[in-house]
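# Here's a sequence, model it:
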Amino acid sequence: MNKAKYLNDVLTSMEAEDIISKQLKFGMLEDYASESFLRQHAILEKLNMQALKNALLGGEDFILETFVTYEMMKPLIGELFICNQFRTYIYPRIKSEVIKRSSLKAYICLYHEAVVVNLLENFFFHVTACQASEDLIIDVIEYCYSKISKLLNVKRKYGNFSDEEKLNLKSEEDFDCKIEEIEFSIAVTSLSILRYFTDHLTQLPFPVRNHLLNVKDIPLILVPLMEMKPWIRERKFRDNKKFTEIFENNQWNKITDDNVMAKISKIEAQIWLSIFNILMNSDNNKKYEITEFRKNNLIRLRKFMNEILYDQIPPLQHLYRALEEISLMEFSAVPTSNPFIVEMIPSLFNKKLNNEEIDRISKIILGYFPSDPSKYKKEMEIISEVYSWNNLEYFMEDPKCASCGKDAASRCSKCKSEWYCGRECQIKRWKQHKEFCGKLAELNQVLDQEKDHSFNTSMNQVAVTNSNIREVKHKEIKKETSSKDVDTKIKEAYIEEEKIKYQNIQNPDNMKVQKEIVNEFEVLD
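Residues are numbered from 1 along each chain as shown. Next up, the predicted model:
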């Protein structure tokens, strides 16, 4: 079932335009983890949610149109590289201290990179986003290439841990495990972005094509990736029984049916389509000169090509024939040099920080993590607003038991944040959950009280305002009308007001406001 079609818009087109044109202000690395940074994170997350909903429904992507109209694509890419600098240079210096002071805020700071990458993935599906990025698309290619390289070269420390082993991790190890999952998700998204670039390659400037095909030689990294298949992993149950999981839709799914293994995963399909776009498009093929080394790399793909694959992606039959022809031909050892190629150099990706800058910025960012937990209240309100249940319900996976990882049907009645498959698992988990549960329940109670107060205040203000307006209107009627017709005119004015109210209720633009008011009453109940 496509849940997205039952989900209310996170933002309307007018709200998105107002946010992007007036409120979205990207800061510098020194502002990372500040209150203004968290507000920008909340804005980008809302834009990301709405862009995802638009993509799922295949509707008009007004988020992208607004970004392109207000020339915000390049600043968004700049934000991606600020995230990259924070993770590469700053976070290792302050890691233990920020986790100790506020692990949630530290997680948000690292998760922000995934939000930006996901938003760019939605945008780069359209060639207009690629063209609006101009020369910074070279930096995005470098970024994606570096992330995909890590899938091949960096071994995942916690990737094959069982759920029980993860529960026994220390707090800092548990945090590292979550960050490792974010890194993997970003690498997979980067693979998707590269595939979109190959779709639009003929419409991009020649230096961009040259960088993708010859400087980075994308097929050279995609073939070994196909052989390793890091999106499939083996894990163990408590009784050491092995089972297989596959990474789909940004989550690991257990494979229970052998027929599922025969189905091509979305990640694998991205690799096949990228290689197909490069080799089978006549314009791209001319720019990608086959050498003996490239030939030996490409023909390794033949062992993965069979009828099951062709049934799911039929055009790959033509790719197989092309690979067969390539295997029978002889090529030169090195590509022919072209003295007329103008190569573009990445401007953001190659920016390095020296030790003095790292120390200075680390001290500034550490100052945004106070030791007093009570000082995080305002920041937590900003985060809780964007990650409300109404926004996330249809984008979330089915709940899993916090203790054993199985499908869950019951939720903690006090904090409503953790799910369990049964009473036994809830009791087992209680020692770890007890302190967190009390604090979260207390925070929810405070937020509900504030929401109750602000709602009642706003409703009283509306009532007083309407009453004052009506009183003024009635006085004007009495002045302009004879005493005989006053009552009739007042009745007519009242009927006119009710008509306007009815028209406002029927207006689709006001439906969202009405639903929010209903939700407020449900909270008060």
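# Name the SS class of the residue lying closest to Ile255 once chain neighbours are set aside, please.
Nearest non-adjacent residue to Ile255, counting by C-beta to C-beta, 6 or more residues apart in numbering: Thr244, 4.6 Å away. In short, each C-beta sits where N, CA and C put it, glycine included. The three-state label given to Thr244 by DSSP: H, G, I helix; E, B strand; the rest coil is strand.
# ok, now how distant is Thr244 from Arg235?
Per C-beta to C-beta, to the nearest Å, Thr244 is found 8 Å from Arg235.
# residues contacting Met305?
Leu316, Leu319, Tyr320, Leu323 (C-beta atoms under 8 Å, 6 or more residues apart in numbering).
# Hmm, Ala42 and Gln23 touching each other?
No: using C-beta atoms under 8 Å, Gln23 makes no contact with Ala42, being 10.2 Å away.
# More neighbours: those two, which one.
For Gln23 versus Ala42, neighbours defined as other C-beta atoms under 10 Å are more numerous around Ala42 (18 against 10).
# thinking that one is in contact with Ile383, fair?
Yes: applying C-beta under 8 Å as the test, Ala42 and Ile383 come out as touching, 7.1 Å apart.
# Just the buried positions in stretch 271-283, please.
Ile271, Trp272, Leu273, Ser274, Ile275, Phe276, Asn277, Ile278, Leu279, Asn281 (16 or more other C-beta atoms under 10 Å).
# and if you look at stretch 223-243?
Val223, Leu225, Met226, Pro230, Trp231, Ile232, Arg235.
# Give me the pLDDT for the third one.
Right, Met226. We note a pLDDT of 91 for Met226 in this prediction.
# what does the one 10 residues further on give?
Here the pLDDT value assigned to Lys236 is 70.
# burial measure for His41, as a count.
Counted with other C-beta under 10 Å, residues neighbouring His41 total 20.
# Spatially nearest residue to it (excluding sequence neighbours)?
Counting by C-beta to C-beta, 6+ apart, His41 lies nearest to His112, which is 5.1 Å off, once chain neighbours are set aside.
# Now the element after the helix or strand encompassing that neighbour, going C-ward?
Using DSSP states H and E, His112 maps to helix 103-124. Next in sequence after helix 103-124, counting helices and strands by DSSP H and E, comes helix 127-133.
# what helices or strands is that next one leaning on?
Contact partners of helix 127-133 among helices and strands, from 3 or more C-beta pairs under 8 Å, 6 or more residues apart in numbering; DSSP states H and E: helix 62-69, helix 73-85, helix 103-124, helix 171-199.
# got a list of contacts for the very next helix or strand once past the longest one?
Heading C-terminal from helix 171-199, the first helix or strand you meet, by DSSP H and E, is helix 206-210. Where contact means C-beta under 8 Å, 6+ apart, the residues beyond helix 206-210 that reach it are Ile137, Ile138, Ile141, Phe197, Leu201, Asn284, Lys287, Ile341, Val342, Glu343, Met344.
# again, only using 7 Å
Applying C-beta atoms under 7 Å, 6 or more residues apart in numbering, the contact partners of helix 206-210 are Ile137, Ile138, Leu201, Lys287, Ile341, Val342, Glu343, Met344.
# How about the last one: what's its closest non-neighbour residue?
What it means is Met344. In space, and not counting its chain neighbours, Met344 is closest to Pro207: 4.3 Å by C-beta to C-beta, 6+ apart.
# Next up, phi/psi of Gln251, please.
The phi/psi pair for Gln251 (degrees, to the nearest 10) reads phi -150, psi 160.
# partners of it in the sheet?
Note on Gln251: beta-bridge partners by DSSP bridges are Glu248.
# now it: how far from Ser185?
The value you get for Gln251 to Ser185, if C-beta to C-beta is used, is 9 Å.
# more crowded one of those two?
Neighbour count, other C-beta under 10 Å: between Gln251 and Ser185, Ser185 has more, with 17 against 14.
# which residues of the protein score low on pLDDT?
Residue ranges of the chain with pLDDT under 70: 1-8, 59, 162-163, 237-240, 257-261, 337-341, 388-398, 435, 443-525.
# right, and Lys406 touches Cys421 too?
Yes: between Lys406 and Cys421 there is a contact under C-beta atoms under 7 Å: 4.8 Å.
# Compare the two and say which one has the larger neighbour count.
Neighbours were counted for Lys406 and for Cys421 using other C-beta under 10 Å; Cys421 has more, 19 against 13.
# Next, count neighbours for the residue nearest to the more buried one when sequence neighbours are not counted.
Residue nearest to Cys421 in three dimensions, not counting chain neighbours: Cys401, with 4.1 Å by C-beta to C-beta, 6+ apart. Applying other C-beta under 10 Å, we find 20 residues neighbouring Cys401.
# how far away is Cys401 from Lys414?
Distance, Cys401 to Lys414, using C-beta to C-beta: 17 Å.
# Check the secondary structure at the closest residue in space to Tyr387 that isn't next to it in sequence for me.
In space, and not counting its chain neighbours, Tyr387 is closest to Glu45: 7.6 Å by C-beta to C-beta, 6+ apart. Three-state assignment for Glu45 (three-state DSSP): helix.
# What's the local residue count around Glu45?
For Glu45, the neighbour count with other C-beta under 10 Å is 23.
# And for Ile148?
Per other C-beta under 10 Å, the neighbour tally for Ile148 reads 23.
# what about it, helix or strand, and which?
Assigned by DSSP H and E, Ile148 falls in helix 137-153.
# elements contacting that helix?
Applying 3 or more C-beta pairs under 7 Å, 6 or more residues apart in numbering; DSSP states H and E, we find helix 137-153 packed against helix 73-85, helix 171-199, helix 218-228.
# other SSEs contacting the first one?
Meaning helix 73-85. Helix 73-85 packs on helix 103-124, helix 127-133, helix 137-153, going by 3+ C-beta pairs under 7 Å, 6+ apart.
# and the ones you listed as JSON lines, adding distance to Gln312?
Output for the helices and strands packed on helix 73-85, formatted as JSON lines (distance: least, C-beta to C-beta, whole Å):
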{"stretch": "helix 103-124", "distance to Gln312": "22"}
{"stretch": "helix 127-133", "distance to Gln312": "26"}
{"stretch": "helix 137-153", "distance to Gln312": "23"}
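# Ok, which of those comes nearest Gly438?
Using C-beta to C-beta as the measure, helix 103-124 is the one of the helices and strands packed on helix 73-85 that comes nearest Gly438, at 15.8 Å.
# Check which residues of the closest one are buried.
Judged by neighbour count using 16+ other C-beta under 10 Å, the buried positions of helix 103-124 are 105-124.
# related to what we said a few turns ago, which one of the buried residues of stretch 223-243 sits closest to Ser146?
Of all the buried residues of stretch 223-243, Leu225 has the smallest distance to Ser146: 13.8 Å, by C-beta to C-beta.
# For this protein, which segments are assigned as strands?
Using DSSP state E, the strands of the chain run over residues 232-236, 242-248, 251-254, 410-411, 419-420.
# Dump those to TSV, plus distance to Leu169.
Below are the strands of the chain laid out as TSV (distance: least, C-beta to C-beta, whole Å):
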stretch	distance to Leu169
strand 232-236	15
strand 242-248	19
strand 251-254	17
strand 410-411	23
strand 419-420	20
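# nearest to Glu181, of these?
Comparing these by C-beta to C-beta, strand 251-254 comes nearest, at 8.7 Å.
# Just the buried residues of that closest one, please?
Buried residues in strand 251-254, counted by 16+ other C-beta under 10 Å: Trp252.
# For Asn84, see how far away the residue nearest to Ile255 is.
According to C-beta to C-beta, Thr244 and Asn84 sit 32 Å apart.
# Those two: who's more crowded?
With neighbours defined as other C-beta under 10 Å, Thr244 and Asn84 compare such that Asn84 has more, 19 against 15.
# residue contacts, that one?
Applying C-beta under 7 Å, 6+ apart, one finds that Asn84 lies in contact with Glu113, Tyr143.
# what do you get for Val117?
Per C-beta under 7 Å, 6+ apart, neighbours of Val117: Leu80, Ile186, Thr189, Ser190.
# From these, pick the one nearest Glu172.
Minimum distance to Glu172 across the contacts of Val117 is 21.0 Å, recorded for Ile186 (C-beta to C-beta).
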